[in-house]
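Q: give the three-dimensional model of this entry:
(one chain, ligands or ions: 2)
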Amino acid sequence: MCCAEAIKNALKAKEINPDINITILFRDIRTYGFKEKYYNLARSKGILFIRFDETQPPEVIAKDNILQLMLNKSDIGEIKFDTDLVVLSAGIVAPEGNSELAKLLKVPLNEDNFFLEAHVKLRPSDFATDGIFLCGTARAPANISESIAQANSAAARATTILSKEFLETEGITSNVNEEKCIGCGQCVEICPYNAIELVETTKQMGLYSNNIQKAQVIKALCKGCGTCFAECPVSAISMSHFGNDQIKPMIAEAVKSEEKVWEPRIVAFLCNWCSYAGADLAGVSRYQYPPNLRIIRVMCSGGMSKSYILKAFLEGADGVFIAGCHLGDCHYISGNENAYLRLENLQKLLKMIGIEEERIQIHQISASEGKKFSERISEFTEIIKKVGESKIPGKVSKAKIGTN
Ligand code: SF4
Ligand code: SF4
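A: Ligands and ions are numbered 1, 2, ... in the order given. Sure thing, here's the model as predicted:
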């Protein structure tokens, strides 16, 4: 931003007084888009551009009512000149308060502390969280015309919601069983879309009434990632269409085997958006991988309940392979990060019940990485062959594992 502003100001000063001498000291000139023509115009009008090194910035010395500017350049040595006016072109930085606002709205920031849009090309005015939009310098440094264009875009996007009398929810959403919910708030904390809230309800117990908090899903915001379902400590959350009733029978079927000679039975939980498509690509690209692999599609690796992994081992799986999107690229913002954390905790429990840590792996495989999928799963199968057949089913009582 400050490059273009400096050139604009220099041209204006030249227009007012063509005899004025202007020198622009810069580290990198970025006159993006059509602004390049103003850079060329400035040069044609005699405005000088001198590059300085990042390690040797110019120095300004006040001397007898004159500001002397000194610059050391490695190629031509020291440059010194007197000036009547020194103008600093300041860059735009994100305000510190952005972090606090980002936490309140549960929206992400980029590495420079500006707000991060859902997709730079496909959804530049949206956040991944529905109903919150961004424009102008909230997103990145922007000039006035860019800010106005982005503000129009954000307003138009907001109108698509405000103009509706009702909103259609996603087919896959989470549901809270109020009877089971203990109001711990873990689901509220972890939901990447701010789609669960704690609501105070009154419970009548004989003559007494008690005010307690219960989680409630805001269906219009829920994207169905299942992170809350996987995180709830008392199994009070269920998922429509992609929950226990669907996944657990699939696990039981997946590990059934009629083979007389042992072959590793591996269950792969692949996220709908990246890794499942990666496995598909491996197939159509004819990358080979062991045929005894059983793939189960889950919406997000973040929605992988520990009970799915335990069930797979209890039913007789020799290995569990989990794959999701690359970190920072999750379709559900941070679901895959939660999957890593959950697995870290689960490893301790697996160890306690005698499941070797080699029997479970988690990977990041995108939709375009069919080759990587076939390589990782082939490597994993070789590891399981070395570790041998799992003897778990006889050792652990299913009752100990709980339901979720
Ligand atoms: S995590 Fe489970 S128990 Fe805790 S508030 Fe959410 S639904 Fe209720
Ligand atoms: S399923 Fe995902 S988006 Fe929906 S409430 Fe749970 S954590 Fe939030």
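
Q: if we ignore the residues flanking it in sequence, what's nearest Asn9?
A: Val87 (7.0 Å; Cβ to Cβ, 6 or more residues apart in numbering). Backbone N, C-alpha and C define where each C-beta goes, glycine included.

Q: equivalent analysis for Asp126, please.
A: Residue nearest to Asp126 in three dimensions, not counting chain neighbours: Ala118, with 4.5 Å by Cβ to Cβ, 6+ apart.

Q: just Leu134 next, same as before
A: In space, Leu134 is closest to Phe115, 5.0 Å off (Cβ to Cβ, 6+ apart).

Q: tell me how many other residues surround the one you found.
A: Phe115 is flanked by 21 other residues according to other Cβ atoms under 10 Å.

Q: now do the contacts for the residue in the stretch 301-404 of the chain positioned nearest to ligand 2.
A: Residue of the stretch 301-404 of the chain nearest ligand 2, by Cβ to the nearest ligand atom: Tyr332 (6.5 Å). By Cβ atoms under 8 Å, 6 or more residues apart in numbering, the residues touching Tyr332 are Ala128, Pro192, Tyr193, Lys223, Cys225, Thr227, Met299, Cys300, Gly302.

Q: measure the fifth one to ligand 1 for me?
A: With distances taken as Cβ to the nearest ligand atom, to the nearest Å, Cys225 is found 14 Å from ligand 1.

Q: isn't Gln216 up against Thr201?
A: No - between Gln216 and Thr201 no contact is recorded; they are 9.1 Å apart, counting by Cβ atoms under 8 Å.

Q: which residues are in contact with each of these two?
A: Joint contacts of Gln216 and Thr201 (Cβ under 8 Å, 6+ apart) do not exist.

Q: wait, Ala252 sits on Glu315?
A: Yes - the pair Ala252 and Glu315 passes the contact test of Cβ under 8 Å, sitting 5.3 Å apart.

Q: the more surrounded of these two?
A: Neighbours were counted for Ala252 and for Glu315 using other Cβ under 10 Å; Glu315 has more, 19 against 14.

Q: quick one: that one and Ile251 touch, right?
A: Yes - the criterion here is Cβ under 8 Å, and Glu315 meets it with Ile251 at 6.1 Å.

Q: and the residue nearest the centre of the chain, how far from Ile190?
A: Closest to where the C-alpha atoms of the chain average out (Cα atoms, centre = their mean) is Ile333, at 3.5 Å. Counting by Cβ to Cβ, to the nearest Å, the separation of Ile333 from Ile190 is 11 Å.

Q: where does pLDDT dip in the stretch 101-250 of the chain?
A: For the stretch 101-250 of the chain, no stretch has pLDDT under 70.

Q: tell me where it has strands.
A: Remark: strands assigned in the stretch 101-250 of the chain by DSSP state E, counting those that start in this stretch are 174-176, 196-205, 208-217, 237-239.

Q: from the contact counts, what lies against the second one?
A: Secondary structure elements in contact with strand 196-205, counted by 3 or more Cβ pairs under 8 Å, 6 or more residues apart in numbering; DSSP states H and E, are helix 186-190, strand 208-217.

Q: neighbours of the residue lying closest to Ala102 once chain neighbours are set aside, how many?
A: In space, and not counting its chain neighbours, Ala102 is closest to Leu109: 4.9 Å by Cβ to Cβ, 6+ apart. Leu109: 15 surrounding residues under other Cβ under 10 Å.

Q: Ala90 now?
A: By the measure other Cβ under 10 Å, the count of residues near Ala90 is 9.

Q: before we move on, what's the pLDDT of it?
A: Looking at Ala90, its pLDDT stands at 90.

Q: also the one 10 residues further on?
A: Looking at Glu100, its pLDDT is 94.

Q: part of a helix, is it?
A: Yes - according to DSSP: H, G, I helix; E, B strand; the rest coil, Glu100 belongs to a helix.

Q: measure it to ligand 1 for me?
A: Applying Cβ to the nearest ligand atom, the value for Glu100 to ligand 1 is 24 Å.

Q: not counting sequence-adjacent ones, nearest residue to the residue of the stretch 301-404 of the chain closest to ligand 2?
A: Leaving aside its sequence neighbours, Tyr332 sits nearest to Cys225 (Cβ to Cβ, 6+ apart; 3.7 Å).

Q: what does Ile190 give?
A: Distance criterion Cβ to Cβ, 6+ apart; nearest residue to Ile190, sequence neighbours excluded, is Glu231 at 5.1 Å.

Q: where's Ala230 relative to Arg376, distance?
A: Remark: distance between Ala230 and Arg376 (Cβ to Cβ) = 23 Å.

Q: please apply the same query to Cys222.
A: Per Cβ to Cβ, Cys222 is found 31 Å from Arg376.
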